[in-house]
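S.K.: For reference, the sequence and a predicted model appear below.
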Amino acid sequence: LDKISILEIKAMLYTSQSKMRDALDIATEALSVLKVSLPKNPNDLSPLPEILKIKLKLRNKPIQSLLNLPLLKNKEQLSILRLLNACFAPSYISKPALFPIIALKMVNSTLNYGISPISPFAFVAWGMIQGSALGDFSLGYEFGKLAIDMVNKYKFEAIKSRVYFVFAFTVNHFKNHARTSQPYLAESIQSGMDNGDILYTAYSVNHIVFQSFSMRQNLASVSEKFEHYRQIHIKLKQDDVRDMFSLIEQATFNLRGLSSDIFMLCGTVFDERITIPKWID
């Protein structure tokens with residue numbers, strides 16, 4: 001189990017360096033040591049067995065009753081959950097067909113063995129899948145709120161940043177206007193900085209400005225937000241995530257008429273001629 005912890009850290013470090021496939025390879029190898037296999041070539045039907053297990057276990061159960069599940073005591077199961085958690089971002093970005101299987105395995109583990117510090121993240125991911133993939137937006141929102149309630153009830157501070165981010169980014173707008181996501185993203189940033197979750201802090205910084213941009217707020221005030229959060233991004237040193245931040249900021253400049261060519265994202269904060277070849281590579 002000590003070795004598994006090291007592999008988990010390596011996977012998360014690779015993720016923060018945007019080496020997504022390397023992160024997945026390491027976490028998958030560690031999971032296989034614990035007798036958990038992930039499909040090499042998942043397809044649209046691959047999540048079905050996990051979905052059916054969840055549906056059977058949750059039959060006629062009020063969602064809020066899951067707050068009272070017993071706490072997980074099995075150290076091996078906790079290691080499995082932590083490794084699946086480490087696979088979450090790299091699978092979402094580099095192998096999207098694998099992502100729902102990982103999230104669903106996390107939910108099933110919680111239903112089988114009890115609540116752990118990873119469980120809220122599993123439920124908010126299940127909420128996203130329930131709405132975006134299965135079309136039940138009301139149920140998806142309920143699972144998202146369950147995740148928030150679970151973080152707060154059990155004081156799972158280490159996972160708070162990523163749970164609040166995923167809720168604000170993928171679930172909250174199932175029922176509420178995007179403006180109501182801004183406080184969740186602000187909480188995610190603060191919690192991530194307090195607890196060292198650097199990657200999800202960076203994601204939340206991006207989305208607190210991107211959602212302002214998407215909601216068509218006054219572009220001058222959106223630019224002020226970029227100014228405010230740029231210093232946080234510099235401290236976080238998540239260069240690949242910051243490239244996305246800079247891309248949106250440059251788009252804001254273009255729309256304000258503050259660039260030489262409105263049809264090229266090239267200016268003081270971002271240059272597509274430099275960044276796109278890097279992304280392709």
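M.R.: Nice, thanks for sending it over.
S.K.: Which is the succeeding secondary structure element to the helix of greatest length in the chain?
M.R.: For the chain, the helix reaching the highest residue count under DSSP state H is reported as helix 75-94. If you walk from helix 75-94 toward the C-terminus, the next helix or strand you reach (DSSP states H and E) is helix 99-113.
S.K.: tell me the angle the following helix or strand past that next one makes with helix 99-113.
M.R.: From helix 99-113 onward toward the C-terminus, using DSSP H and E, the following helix or strand is helix 119-132. Per axes from the mean of the first three to the mean of the last three CA atoms, to 10 degrees, the angle that helix 119-132 makes with helix 99-113 is 130 degrees.
S.K.: Counting by contacts, list what helix 119-132 packs against.
M.R.: For helix 119-132, the contact count by 3 or more CB pairs under 8 Å, 6 or more residues apart in numbering; DSSP states H and E identifies helix 75-94, helix 99-113, helix 137-154, helix 157-166 as packing neighbours. Every C-beta, even on glycine, is put in place using the N, C-alpha and C of the backbone.
S.K.: Can you list the buried residues in it?
M.R.: By neighbour count on 16 or more other CB atoms under 10 Å, the buried set for helix 119-132 is 119-131.
S.K.: In CSV: those, plus distance to R216.
M.R.: Shown next, in CSV, are the buried residues of helix 119-132 (distance: CB to CB, whole Å):
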residue, distance to R216
S119, 37
P120, 32
F121, 31
A122, 34
F123, 32
V124, 27
A125, 29
W126, 31
G127, 27
M128, 24
I129, 29
Q130, 29
G131, 24
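S.K.: now, which of these sits nearest S65?
M.R.: Within the set of the buried residues of helix 119-132, F123 lies nearest S65; the separation is 12.8 Å, counting by CB to CB.
S.K.: L104 is in contact with that closest one, correct?
M.R.: No. Because the distance of 11.2 Å does not satisfy CB atoms under 8 Å, F123 is recorded as not touching L104.
S.K.: pLDDT value on I102, please?
M.R.: Confidence per residue is given as pLDDT, and for I102 that number is 93.
S.K.: Tell me the spacing between it and L139.
M.R.: As judged by CB to CB, to the nearest Å, I102 and L139 stand 20 Å apart.
S.K.: Of those two, which one has the most company?
M.R.: When I102 is set against L139 and neighbours are counted by other CB atoms under 10 Å, the residue ahead is I102, at 27 against 17.
S.K.: Relative to T110, which of the buried residues of helix 119-132 is nearest.
M.R.: For T110, the nearest member of the buried residues of helix 119-132 is S119. The distance, counting by CB to CB, is 4.3 Å.
S.K.: Which residue lies closest in space to the closest one, excluding its sequence neighbours?
M.R.: T110 (4.3 Å; CB to CB, 6 or more residues apart in numbering).
S.K.: Flag the shaky bits of the stretch 1-150 of the chain, pLDDT-wise.
M.R.: Within the stretch 1-150 of the chain, not a single segment meets pLDDT under 70.
S.K.: residue closest to the middle of the chain?
M.R.: When the chain is reduced to its mean C-alpha position, the closest residue under CA atoms, centre = their mean turns out to be V166, at 4.9 Å.
S.K.: In this structure that one contacts F123, no?
M.R.: No. Between V166 and F123 there is no contact, the gap being 10.0 Å when judged by CB under 8 Å.
S.K.: Between the two, which contacts overlap?
M.R.: Shared contacts of V166 and F123 (CB atoms under 8 Å, 6 or more residues apart in numbering): A147.
S.K.: on that earlier part again, count of residues packed around the residue nearest to S119?
M.R.: Neighbours of T110 using other CB under 10 Å come to 26.
S.K.: For it, list the residues it contacts.
M.R.: By CB under 8 Å, 6+ apart, the contact list for T110 reads 66, 69, 72, 81, 116, 118-119, 122-123.
S.K.: all strands for the stretch 151-281 of the chain, in order.
M.R.: Applying DSSP state E, counting those that start in this stretch to the stretch 151-281 of the chain gives no strands.
S.K.: where does it have low pLDDT?
M.R.: Counting by pLDDT under 70, the stretch 151-281 of the chain shows no low-confidence range.
S.K.: residues in contact with F137?
M.R.: In this structure, F137 makes contact with 130-131, 174-175, judged by CB under 8 Å, 6+ apart.
S.K.: CSV please, covering those and showing distance to P277.
M.R.: CSV is the format used below for the contacts of F137 (distance: CB to CB, whole Å):
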residue, distance to P277
Q130, 39
G131, 36
F174, 37
K175, 41
